[in-house]
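Enquirer: Just to be clear, the model below is a prediction. Sequence and coordinates:
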Number of protein chains: 2
Amino acid sequence: MKTIGIGLLGLGTIGGGVFKALAEKEQVMAEAAGAPVVLRKVLEKRPVDIEPSLLTTDFQQVVSHPEIDIVIELLGGEHPAVDLIRESLLAGKHVVTANKEVIAKHGAELLATAGEKGVALQFEASVGGGIPLLLPLQHGLLANEISTIYGIINGTTNYILTRMSQEHTGFGEALKKAQELGYAEADPSNDIEGRDAAYKLAILASVGFHTTVRPEQVYCEGISRLTGPDFLYAKELGYEIKLLAIAKQAGDQVEARVHPVFIPQDFLLAKVGGVYNAIQIDGDLVGQLIFYGRGAGAQPTSSAVVSDVIAIGQAIASGRKVPSAMRQARPKTVRSISELRTRYYLRISLADKPGVLAQIAGILGDRGISIASVIQKETDETNQTAVIVLMTHIAREESMQSALSDMRKLPAVKRISNVIRVEE
Amino acid sequence: MKTIGIGLLGLGTIGGGVFKALAEKEQVMAEAAGAPVVLRKVLEKRPVDIEPSLLTTDFQQVVSHPEIDIVIELLGGEHPAVDLIRESLLAGKHVVTANKEVIAKHGAELLATAGEKGVALQFEASVGGGIPLLLPLQHGLLANEISTIYGIINGTTNYILTRMSQEHTGFGEALKKAQELGYAEADPSNDIEGRDAAYKLAILASVGFHTTVRPEQVYCEGISRLTGPDFLYAKELGYEIKLLAIAKQAGDQVEARVHPVFIPQDFLLAKVGGVYNAIQIDGDLVGQLIFYGRGAGAQPTSSAVVSDVIAIGQAIASGRKVPSAMRQARPKTVRSISELRTRYYLRISLADKPGVLAQIAGILGDRGISIASVIQKETDETNQTAVIVLMTHIAREESMQSALSDMRKLPAVKRISNVIRVEE
């Protein structure tokens, strides 16, 4: 009987979780795939405590192993992962990976290579951990034209924002707590600057819109500028603040951006707390869908990796051709953030003098930006500073940036404390 | 070039929606399937306004049509749908259906027939409308042992319960509103008695647990006994009332039941309002997942049906074997509701006399059921009636039913107004 041979690259946190799952799920996999799934080699350079005959530090022992059908890449990071995936595909191996950076940056090229070699490249685990997202987008929702993807796809930042919103914790303190709990890394910049989410959004938008959105085309703003008052004003105005990954398409135009947003409190996405992920997808037939679950961690990632392995295993065991993962890309234009049209929240520190609000309203009005509501509450008598909070009607990003630039030149404007876009 | 020929059975609300989607999505389907998808025949006995050469009232013209590869069954109801599906499979046609009753009652037999004939039987649209549920359970979550499925899978009842909870509408009035809006049928009994949800749960549990749960094995209780006070007490105690479809497995034991439940207000499922559906799935690797979307209607159902057609079309066009939908069933025992262990909410009208609560507590205590909390508020002075609301700790259903039976015999108990199970 044919067996499905596995080569595993990387035995870190995620690799270790998959290693464990492969052992524990031996029977389930054999039953589901229709053939035994056998781990043949593990590539890991650090010392690890596994059966020595499995272990190698030489990639050639994996890629040229005649009994390895599927290579699971869990090294993370761009290099050397991208080269090892490419070489594996070229050697006729199927590849399963959780590597969002490699797929976001090199997915189109690697999928083309997989297609030429007649092998599969599966990467469900690269977005949303164990939540089945790419499977529905690639199969169960194929009848739909997807108009919008909204994603809370970074658990670290969602944990931090949840604490800041619910417990009025400052950013630094919330980050420290996240690090203590293992939800944030020692160097958290990839998460808090939104780059992790941007990689995932590039993958979601590419798959959902049947095109190629490159990560550098995703506008990206992190959460480190958010402060306590922003959360208090958001609540007062009926909103929550979330780091949202947003992709929209209309005709041959695509927008893709990651930044903090105000979303109405009664949106289900506003209620997604802690390290959980949630992805909202709007299709023309299906309407609004939300997928919710744990977006990271060794076990949820293993769920996606092992399920991808089973899917490929089924095809191998039954002698079927493995269907390719992505349809031919349709060329689309990714719009610049400056063309965005949305509402804005502005928080501004002003000298408490007559006429200042009129000057600000004038700068906005000159650019066709109208004000929906104003809150002015705090006046700090000592330094004669007032804080005003403005919500605008829909405006163009370019106009808003120009207005902000002019506002900064007003002597009475002490600081533009924050500018946050609104989605509703 | 090979084309994918379609025969459509039924042109009612759902059939009409799919007919429209097949026409509008011609290009998308051809691109995704890799071959043109062409509607060859439509079976409908009522007069309809479509191209006459497509229309037939004779099923033989569909099932023996040499250019029909896939039969889409959208007649609804058990008969004659089950026979037409069976004959189509026996004639070597792939079948896509939205028919929950047929799949719940005859799924195992029909899947076996499909397997013998080497054709596909797909039924994503039978549960949760356009929400991809069976696809993840059959593929993306295969690595998991699913322990629990919680489903709000009937939009009609969820709409009624949402109105009753949020607007303090009575059951009759909420039902009438649902009927006016087209969310409930003229004869709503299938929905409000929970039978519709029971069919869907039988399918979800069968697919999710890789076994066969028959609809008559699903314990089923509807929502018509719920009244305004139940919703007020639920809120006061921190709960929402939902009609939940619940399936759990542990070892070779399965439980499957549909009934109103108290769920904590902070559960995401408690926040699912209106006609929306949401299904929570707990897997050993993936943890908790929730899928949310529109569970009914012509368009969402078309989304699932057309996507199933595309999946089969892809296999036909590329000459692949179509993978079978369900793995071989593992035999499991479906437990009787009397073995359930859960918490209970009881609302009881009593004669307002000393010692009555003690009698009730005694009856419960004799069966090892302990009381977690008591609310006693209203006393109707005119007829000397008090209402008490009890929350119990975990108890066995059999013991609770025996206690209720004894309580009803107490002269001081005027009425057991409601008994609602708690999930938390």
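Expert: Noted; the coordinates are in hand.

Enquirer: which stretches of chain A aren't confidently modelled?
Expert: Applying pLDDT under 70 to chain A flags the ranges A:1, A:323-328, A:378.

Enquirer: In terms of residue numbering, what are the domains of it?
Expert: As given by automatic domain parsing, the domain ranges for chain A are A:4-130+A:297-317, A:140-293, A:338-422.

Enquirer: can you redo those as TSV with mean neighbour count?
Expert: Heads up, the C-betas are built off the backbone N, CA and C, glycines and all. Converted to TSV, these look like this (neighbours: other C-beta atoms under 10 Å in any protein chain shown):
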stretch	mean neighbour count
domain A:4-130+A:297-317	21
domain A:140-293	21
domain A:338-422	16
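
Enquirer: Apart from its chain neighbours, what residue comes closest to A:L410?
Expert: Ranked by C-beta to C-beta, 6 or more residues apart in numbering or on different chains and with sequence neighbours excluded, the top spatial neighbour of A:L410 is A:Q359, at 5.8 Å.

Enquirer: A:E255: what secondary structure?
Expert: Reducing the assignment at A:E255 to three states with DSSP: H, G, I helix; E, B strand; the rest coil gives strand.

Enquirer: what does A:Y183 give?
Expert: Note that with three-state DSSP, the state of A:Y183 is coil.

Enquirer: One more: A:Q359?
Expert: Taking three-state DSSP as the rule, one finds A:Q359 in the helix state.

Enquirer: Look up how far A:L357 lies from A:L410.
Expert: The spacing between A:L410 and A:L357, counted by C-beta to C-beta, to the nearest Å, is 11 Å.

Enquirer: no, scratch that, I was asking about A:R257
Expert: For A:R257, the distance to A:L357 equals 30 Å [C-beta to C-beta].

Enquirer: ok, which stretches of the stretch 101-250 of chain A are strands?
Expert: Secondary structure of the stretch 101-250 of chain A, counting by DSSP state E, counting those that start in this stretch: strands at A:121-122, A:146-152, A:219-220, A:239-250.

Enquirer: List the residues that contact A:L201.
Expert: Applying C-beta atoms under 8 Å, 6 or more residues apart in numbering or on different chains, one finds that A:L201 lies in contact with A:149, A:151, A:153, A:213, A:218, A:245-247, A:256, A:258.

Enquirer: My guess is A:E101 contacts A:E78. True?
Expert: Yes - with contacts defined as C-beta atoms under 8 Å, A:E101 counts as touching A:E78 at a distance of 5.1 Å.

Enquirer: The stretch 151-300 of chain A against chain B: which residues are in contact?
Expert: For the stretch 151-300 of chain A, the residues in contact with chain B (C-beta under 8 Å from any C-beta of the partner chain) are A:268, A:271-272, A:283, A:285-294, A:299-300.

Enquirer: what two of the residues you listed are the furthest from one another?
Expert: A:L285 and A:Q299 (33.6 Å; C-beta to C-beta).

Enquirer: List the ones among the residues of the stretch 151-300 of chain A next to chain B that fall in strands.
Expert: Among these, the ones falling in strands (DSSP state E) are A:283, A:287-294.

Enquirer: how much space between A:G295 and chain B?
Expert: Distance from A:G295 to chain B, counting by C-beta to the nearest C-beta, to the nearest Å: 10 Å.

Enquirer: Report how many residues lie close to that residue.
Expert: Number of residues near A:G295 (other C-beta atoms under 10 Å in any protein chain shown) recorded here: 26.

Enquirer: Looking at chain A, which residue reaches furthest from the middle?
Expert: Within chain A, A:P354 marks the point farthest from the mean C-alpha position, 45.1 Å out by C-alpha atoms, centre = their mean.

Enquirer: May I ask you to name the longest helix in chain A?
Expert: Of all the segments of type helix in chain A, defined by DSSP state H, the longest one is helix A:298-317.

Enquirer: That one - contacts with which helices or strands?
Expert: Judged by 3 or more C-beta pairs under 8 Å, 6 or more residues apart in numbering or on different chains; DSSP states H and E, helix A:298-317 is in contact with strand A:4-9, helix A:13-24, helix A:26-33, strand A:37-43, strand A:70-73, strand A:94-97, strand A:121-122.

Enquirer: Let me know which of those is the nearest to B:I420.
Expert: helix A:26-33 (36.5 Å).

Enquirer: what residues does that closest one touch?
Expert: With C-beta under 8 Å, 6+ apart as the contact definition, helix A:26-33 has outside contacts at A:4, A:22, A:36-37, A:306, A:309-310, A:313-314, A:316-317, B:142-143, B:145, B:327.

Enquirer: of all these, which two lie farthest apart?
Expert: Across the contacts of helix A:26-33, the two members that end up farthest from each other (C-beta to C-beta) are A:I316 and B:E145, 23.5 Å apart.
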